[in-house]
Each structure stands twice: as C-alpha cells, then as structure tokens.
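Asks: Kindly generate the corresponding structure for this input.
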Amino acid sequence: METFWPLFFVCLGEIFELKAELNSDKKEKKKEAVKKVIASMTVGKDVSALFPDVVNCMQTDNLELKKLVYLYLMNYAKSQPDMAIMAVNTFVKDCEDPNPLIRALAVRTMGCIRVDKITEYLCEPLRKCLKDEDPYVRKTAAVCVAKLHDINAQLVEDQGFLDTLKDLISDSNPMVVANAVAALSEIAESHPNSNLLDLNPQTINKLLTALNECTEWGQIFILDCLANYTPRDDRESQSICERVTPRLSHANSAVVLSAVKVLMKFMEMLPKDLDYYGTLLKKLAPPLVTLLSAEPELQYVALRNINLIVQRRPEILKHEMKVFFVKYNDPIYVKLEKLDIMIRLASQANIAQVLAELKEYATEVDVDFVRKAVRAIGRCAIKVEQSAERCVSTLLDLIQTKVNYVVQEAIVVIKDIFRKYPNKYESVIATLCENLDSLDEPEARAAMIWIVGEYAERIDNADELLESFLEGFHDESTQVQLQLLTAIVKLFLKKPTETQELVQQVLSLATQDSDNPDLRDRGYIYWRLLSTDPVAAKEVVLAEKPLISEETDLIEPTLLEELICHIGTLASVYHKPPSAFVEGSRGVQHKRLPGSAGSGESVESPDTGSAAGVSDAPPAVIPSQGDLLGDLLNLDLTPPATTGPPPPATSGMQLGAMDLLGGGLDSLLGGDLGGSSAMGAGFGAPPAAPAASFSAPVSGGLDDLFDLGGGVGMPMGAYSPPKTVWLPAMKGKGLEISGTFARRAGVIQMEMTLTNKAMSVMTDFAIQFNRNSFGLAPAGPLQVLTPLSPNQSIEVTLPLNTVGPVMKMDPLNNLQVAVKNNIDVFYFSCQYPISMLFVEDGKMGVSEVQSSGGFSVRLPELRGRAEELSRHLTFRCAASTSWHLLLPFLSDASTRPQPGAAQKRRPAVVLSFQ
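Replies: Numbers count the residues shown, from 1 in each chain. Presented below is the predicted three-dimensional model:
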C-alpha cells in the first residue's frame, strides 16, 4: 500500500492545482490551465472531475480558449450527460454571438455532442444558424443537421430541417451548396427509400455552377451527387460531361477519380458514332496516366480503378501500354497490378513489346512476380492468336532455364494453350516430358498428367509416364488424383490392349482405397461406363472439349457495373460491392450504369438485376485451379442412340455384380460380346458401390393413403412447397440458390437448384447448418459431381437427419445455412415446414404412445392436395428434441380464415416431441 500513496497524492495534487488555475481571475492563467487539461486528456488521463470548472471557462470572448473548452466538452459530454446540460445556455448564447466564427464553432460542437438529453435544446439555435447571414455559419449548420439526424432522425424530420437543407442547395455560396449536398447524401444513405435528393435539370444546373467555385472536397461531394443522376437524353448527358471534364485536370486525385466516375456513367448514354464520344475517350486517358506518377500507395489505388475502367472501356488506354511497364523499384503490389492491366490491354498491335517485357520479368528474383509473368505470357497466347507461336517459343526458352518454379508455371500455361489450339503445338510435348521429374507442385503435376492423357496416342511411353505417377497415388493431392484417374482411362480407351492392368489398378485405388467422395464417385462412373457401354465411354471421356478464352478473371458484368458506380471509393480498391464489407444497419443501394443512349433507366435499384446492355452470354472462362481436371464437364451420360441391336438389358441393381470391363469392352477390342476375352480375364467383380435404389413404390391410390393394404410408404405425389430463392446471385457473387424442403420415402430432403450467374466455373461445394430447433443436419456431403459452368444450373438433393446440435431459433423453424465453393463462403437462412418432422406410417397404437412418450395426432386437414384425399390421416412425430408446440392445423396460407370473416372454430394440433 505504501507504494501507491505517493502516486495518489501526486494525481490528486495535480487535479487540485488545475482546478485552482481554472478558477483563476487571470485569463492567461485560465487558458494555460485548459491547455494542460487537454494535454492530459490527449495522453489518456481521466480529467472528467474537472468538468464543471472547464465548463465555467466557456464564458469568454477569447476564441482560442473557447475552442479548447469545446474540445473538452465533445470528449466528456457522453460520459457526463447530466453535467453537459450545463453548457446548453452557453451554446444558445454563442449561436447569437456577433462573431460568425463563434457562431459556427457553437453549432459544430452541438452536432458533435451525441447526448439525447440535450438534442431538443439545440433545435432552435440550429434553425437560426441554417438561415444565418454568414455563409460560413450556414455551411457548418448544414453538416450539423446530418449529425443530428444520426442521433435522432425523427426529431430532424419533425423540425423541418430536411426541407431547409433542400433549400440550401439553391444557396448563393458554393460551399454551402456542397455541404448541403454532402449532408443530404449522408442522410439518404441511411434511408435508401427516401427521395431526399430529388435531382432535376434545374438542381443539376445549380450544382454544376457551384462546382467551379468549391473547395476540392466540396467538388467531390457535388460530383458524387451528380453520379446518382440519370440524364433525360444524350444531349443532357453530353452537356453535363462538358461541364465536368475540366475537373480531370485537378491536382487532387480524389477529384479526378470522382470526375472519371461521372463521365464513365454518362458515356453510357452517348451514341458511339458521336464525335464528342471519341473526344471524351481521348480526354480520359491523360489524367489516369498522371495518377501513376504519384507515390506507390496512390498508384495502387489508381491502378485498381484503372483495372475496372479497362474492363469496361479498354479503348480509353489502348495507346498507353508503356505507362504500365514495371519499374525496378515498384513495390510488388504495384507490379502485380500493372501486369494484370498489361494483359487486358494486349492486342495484335502491341503484343511484340508486351512479350519482350514479360520475358524480362520472368528472369526477376521475386518469385510471385515471375510466376505471374509466366502466366501472363500464356494469357497473351490465348488472347492474341497471331502471337501464340511466339509465346510458345518464349515459354520453351524459359523451360530451358531449368528454374524449378518457372518450368512448372510454363507447363501449366502450355496446357491452357493446348486447350485453345488443339493439334497445333504438340511438338513441344517431348520437351515437357524431359522435365517431368522436377515437378513437385500439384497444379503443374496435374497439368502434365492432363497433357500425357490427352495426347497419349502420340507419346510412345505414355503408360510408363502415368504409371510413375501412380506409384505414389495416395500421397498426391486430390487435384492430381482426379486428373490421373481420367488420364489413365483416356489412355485405356486409346490403347486398350496394353493398359488393361493399369486401368484396373487406378480404378481399384480410386474406389476401394480412397475415402474422397469426389474421387470415389468419378471412379465408379468410369467403372460403370467401361463395363456397360464402351462406345458411350469413348464419347464421354474423349469428347471434344470447348475452346477456352483469355478472360480468366473478368469481373462478372453486374458487379462490374456496380463497381464502376463506386470509382474512387474503397469498393473500387477491394473490387467488392460496399455491402460485402460495410457492416451496420444502413440499407445498401445497389447502383448500376444507366441504359444506352435514349433510355432513361434508373441508376439505382434496391435489387440489382441483369446488367443493362450486357450480353446474356458471357465469354468462356479458363477453368480455375480447382477445375484443371474438368474432363467430365457438361457430359450426357445417357446411352447413345444406335441403329444396331440394343445391348443386353441389365437392371440397375445388376450393375454392381458385373465384371469390370468384361463383355462390354470386348467390342472395343474386336472380341465376341458373349465369349471370354483377353481383356476380361484379369478382372474381378467391382466392389459394392453405393448405388441408388430402383425399387418401385408401393401401390398408390387411396388404399395406401389409408393404409388399407397394409403397405407403408409415402405416396409419390407427396406435397412439397415450390422453390424460393434463398441466396440471390448478387449476395452469392454470381451463385444463386433456390430450394425447398420435402419428405420422400421417410427421408427429409433439402432440394436445391444451384445456378452459376458469374463468369467463372464454380467447384468444391460444401454445406453446413448452424444449430437449430430440431437438430436438423446434413446426412451426407453436398454432392455436386461436376463443375458448375457459367449460366448453368444443377439440381441437388441433400438428405437430412435430426441428430445435429440443438438450439432454439426464432422463428422455431428457422434454419441458418453456410454454403462454400471455390470462390467464397456464403450465408443465408430459410424456413422449413414443420410437417417434415412427421413420419408416414401413422400406426402407433395406445400402448406405443405410452411406452414411447409421444402420441398420435389426427389432422382434420393437410396441406394442399392432401385435404381432398383424406380427412383422417394419422402421423407420428419423428423429431428427436423436446419442444412442446401448439400449432393450428397445417394448412396452406390460402386456406386460413381472413380477418373479419366469420370464423368456424377449428381444433388445434398439440405436438410433444420427445
């Protein structure tokens, strides 16, 4: 204790000294005391005990002292709300001070004191300041309205401050106009559905007039407001562009980017054959180039914005390629961004100098930069066909350097070149095979395996090469395992007599010794195909693959439009919409570009639909890293139509007992279908696969419904609600999920439709549930066996059980779901019908009721169709939790009695889940 006493007395002594100085009659001593208080407050010392003494110092004509006192007030008013009321009278008095600086200081401090108790006292002083004769006071009061609205929105609306703000847009002083626009924009963001900024040609003209005389930050406020306006026609759009264009030469980069944003939006409405359109394109390039001469951090922000601009309008910077050449002292983040833009601007006219640069970059010491440079060479080959041969030659030169990571990246991009130009550059395969032993990265190994499998007929020792990979099959990554499986099956279909043992070995490893469901399922698919229909197997596995394009990482059109509308903000740097990283209760407006010339579409919409003016068919995309093995894309597994006699009929249940490749592939080797063959001799029966049941349902009709025939089972026509959209494409980065719940054959099922509305392939799907009221959980993994290509939809059924963790939800049947793919993790919630939790047999007697602790329930009505089928259908609850519910009978919303209508009393259903 003795240790702390001296410190206590020192602190206490300091407070007493400051208190005495604050109450001094000498103005200088008082000012010095307040400075000491502010200094202590700044370093984190608690000087709230001096609140009354500091507030007493407000009664002064000294502007410097008053500023210091107001600063103290703003800091401690929230923790001392009762004492802050002491300052109200001084605020009111200062708002009528002859000095406009003091009036503005008072109203600014009022807006910063976020205390509900004193806001109502500040309305009258604020109203006077909004109509003050001095523009400095008016502009300060305009911002204060936005701050007050954040504290008490209803009070601001009731006091009519919003109307006063709108009137200030017509103010004669440009700074007042700018602050009024900024305040209204801030308030409109928190109330997206309000029409506070009612922009019309007259208002726009006032804003453009004020634009020339504002400070730089005032110009940004006005430009951002202009960006939310949709011109009536192309003439008005051109007029606005002409008046905004001078802002491109401003020294402040934020003003330049805001001006670029306005011009990019309004250019959408200009006809491309207009002379001014070409002039505007030329005027946009120099200011963007100038931004790249700033410090690295600003360069990076400019490059991220330029990246969006060249995706939308590459013609703006098509002659400025040299600006994006990398400098030796550029930070890595600037180098990578420049490299990306170089590829986007590459064309036949400049490809020679681009390739020369990229070859230089590939010899740098920075590994990440070198890897991206090598990939960029491959992208150039795919984008500019005339340069493909030169690119391949450059890649071969890089392979000869024997630098491990350079060689591996080169092999990966050469695989893509083979996909783009089949049967054209296969002469380089021998060079690639020489480096096979040095490959240790999964992506490079998978690419090399794909090349060997795809061109197995041209490689004499293809079986030996693939067998060398097979030796360490279990140690390989999933990507390599899947590619190796497909490559060996390709090899077998091309050289069946030589590789029978090899294909049996890989199928056995994939189906029996692997616990990866993707690998196992693909192995079973190949096994069945090869066993039943070799012709179909050839058509599926050796199918001609679609050519790929260079657009590997284009942002999908809808998102790109929204990001263009946010140029100059964090969204344009992250390349994500604000809703993806801004948290809070504020409503988010999804912006998009206006329609083409002559249309008057709204710039903003609550739910962004398809991008205006964008083709519905996006370009093909190079498969992402997780899809390098996509040989089973878009396959039709139905047997091909043949004119000959049909193959011997086999039931679905007999497939599991067939000899692998026995009989079915005899025709491939030229053998007899019915006799023994060399191929079938070494094959045993395949392991029992998890095949789907093909047993027919019990006989339908009312007999089964009433259980008169003694059968147990749900009629095939069981009701399931229509699918609804659970995850919109905007929130799912192009992935849209719609679905419903059903109960079929005693199993709860989640039926979903996955739609890819993005421009990249989606793979690696997985699903997880949060804890919920009835312990619902997936009974197995989410089975999406093939990659989901752009504009493709796939139906998925996920079986559920009720053995998961339990937590009461509100509402009770709410289910929170997380879905993951190769792009991101997405979250949504949905509600399932309680009827899913009932089993179908309905035969639990009284003794069963007593022993199990549950009970039978007779429903007078059931959903939809069931109502016309039965009035007495018995269910037994199948849930595993212990909730007690009191529900009305389960009927459609359409059958519920309407308010005010004569209502017949209906029995309730009491369910006790044990």
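
Asks: Name the residue closest to the centre of this structure, please.
Replies: With distances taken as Cα atoms, centre = their mean, the chain has Lys733 as the residue nearest its mean C-alpha position (3.6 Å).

Asks: Does that one touch Asn821 like I think?
Replies: No. Taking Cβ atoms under 8 Å as the definition, Lys733 is not a contact partner of Asn821, at 9.2 Å. (Glycine included, C-beta is placed from N, CA and C.)

Asks: which stretches of the stretch 501-650 of the chain have low pLDDT?
Replies: For the stretch 501-650 of the chain, the stretches with pLDDT under 70 are 550-552, 584-590, 595-650.

Asks: ranges for the strands of it?
Replies: Secondary structure of the stretch 501-650 of the chain (DSSP state E, counting those that start in this stretch): strands at 590-591, 604-605.

Asks: still on that earlier bit, name the helix or strand for the residue nearest to the centre of the chain, please.
Replies: Remark: Lys733 resides in no helix or strand, with elements defined by DSSP states H and E.

Asks: Need the CA coordinates for stretch 349-364. CSV is fine.
Replies: The C-alpha trace of stretch 349-364 is given here as CSV (Å, rounded to 0.1, in the frame of the first residue of the first chain):
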residue,chain,number,x,y,z
ALA,A,349,-0.6,-4.0,-82.4
ASN,A,350,1.4,-4.1,-79.2
ILE,A,351,2.0,-7.8,-78.5
ALA,A,352,5.6,-7.7,-79.6
GLN,A,353,6.7,-5.1,-76.9
VAL,A,354,4.5,-6.8,-74.3
LEU,A,355,6.1,-10.2,-74.9
ALA,A,356,9.6,-8.6,-74.7
GLU,A,357,8.7,-7.1,-71.4
LEU,A,358,7.2,-10.2,-70.0
LYS,A,359,10.2,-12.3,-70.9
GLU,A,360,12.4,-9.8,-68.9
TYR,A,361,10.1,-10.0,-66.0
ALA,A,362,10.4,-13.8,-66.0
THR,A,363,14.1,-13.5,-65.1
GLU,A,364,13.4,-11.3,-62.0
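
Asks: pLDDT below threshold where in the stretch 651-800 of the chain?
Replies: Along the stretch 651-800 of the chain, the parts satisfying pLDDT under 70 run over 651-719.

Asks: please redo it, this time with the cut-off set to 80
Replies: By pLDDT under 80, the weakly predicted segments of the stretch 651-800 of the chain are 651-720, 759.

Asks: If you count neighbours, what's buried in stretch 501-517?
Replies: Judged by neighbour count (16 or more other Cβ atoms under 10 Å), stretch 501-517 contains these buried residues: Leu502, Val503, Gln504, Val506, Leu507, Ser508, Leu509, Ala510, Thr511, Ser514.

Asks: whoops, stretch 776-792 was the one
Replies: Leu776, Pro778, Ala779, Leu782, Val784, Thr786, Pro787, Leu788, Ser789, Pro790, Gln792.

Asks: Look at the nearest residue to the last one once chain neighbours are set aside and say how many residues are nearby.
Replies: The one in question is Gln792. Counting by Cβ to Cβ, 6 or more residues apart in numbering, Asn756 is the residue found nearest to Gln792 once chain neighbours are left out, at 5.4 Å. For Asn756, the neighbour count with other Cβ atoms under 10 Å is 24.

Asks: now swap in the one 10 residues further on and tell me
Replies: Other residues near Ala766 number 13, with proximity taken as other Cβ under 10 Å.

Asks: That one reaches Lys820, doesn't it?
Replies: Yes. With contact defined as Cβ under 8 Å, Ala766 and Lys820 form a contacting pair (4.6 Å).

Asks: What's the separation between the nearest residue to Asn173 once chain neighbours are set aside and Ala106?
Replies: The spatial neighbour of Asn173 that comes closest, neighbours along the chain excluded (Cβ to Cβ, 6+ apart), is Pro135 at 3.7 Å. Distance of Pro135 to Ala106, given as Cβ to Cβ, to the nearest Å: 16 Å.

Asks: next one: Ser79
Replies: For Ser79, the distance to Ala106 under the criterion Cβ to Cβ works out to 21 Å.

Asks: neighbour count winner among those two?
Replies: The neighbour comparison of Ser79 against Ala106 (other Cβ under 10 Å) goes to Ala106, with 28 against 12.

Asks: need the contact list for that one.
Replies: Counting by Cβ atoms under 8 Å, 6 or more residues apart in numbering, Ala106 touches Tyr70, Phe91, Asp94, Cys95, Asp97, Pro125.

Asks: Only whichever of these are buried, select them in ChimeraX.
Replies: Only the buried entries of the contacts of Ala106 go into this ChimeraX selection, using 16+ other Cβ under 10 Å:
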select :70,91,94,95,125
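
Asks: Need the contacts of Ala106 in JSON lines (columns: pLDDT, secondary structure and distance to Lys424).
Replies: Output for the contacts of Ala106, formatted as JSON lines (pLDDT from 0 to 100; DSSP: H, G, I helix; E, B strand; the rest coil; distance: Cβ to Cβ, whole Å):
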{"residue": "Tyr70", "pLDDT": "81", "secondary structure": "helix", "distance to Lys424": "75"}
{"residue": "Phe91", "pLDDT": "78", "secondary structure": "helix", "distance to Lys424": "80"}
{"residue": "Asp94", "pLDDT": "82", "secondary structure": "helix", "distance to Lys424": "81"}
{"residue": "Cys95", "pLDDT": "84", "secondary structure": "coil", "distance to Lys424": "80"}
{"residue": "Asp97", "pLDDT": "83", "secondary structure": "coil", "distance to Lys424": "83"}
{"residue": "Pro125", "pLDDT": "86", "secondary structure": "helix", "distance to Lys424": "79"}
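
Asks: between the contacts of Ala106, which is closest to Val582?
Replies: Nearest to Val582, judged by Cβ to Cβ, of the contacts of Ala106 is Tyr70 at 30.7 Å.

Asks: wait, the closest one sits on Ala104?
Replies: No. Because the distance of 11.2 Å does not satisfy Cβ under 8 Å, Tyr70 is recorded as not touching Ala104.

Asks: what's the pLDDT at the residue lying closest to Thr215 once chain neighbours are set aside?
Replies: Leaving aside its chain neighbours, Thr215 sits nearest to Met175 (6.6 Å; criterion: Cβ to Cβ, 6+ apart). At Met175, the model reports a pLDDT of 91.

Asks: Distance check, Met175 against Thr140.
Replies: According to Cβ to Cβ, Met175 stands 10 Å off from Thr140.

Asks: Between those two, which is the more surrounded one?
Replies: Legend: neighbour count by other Cβ under 10 Å for Met175 and Thr140, higher for Thr140 (25 against 20).

Asks: And the contacts of the helix or strand harbouring Lys206?
Replies: According to DSSP H and E, Lys206 maps onto helix 201-211. With contact meaning Cβ under 8 Å, 6+ apart, helix 201-211 is reached by 169-170, 174, 177-178, 181, 218-219, 222-223, 225-226, 229, 232, 236, 240, 243-244, 247.
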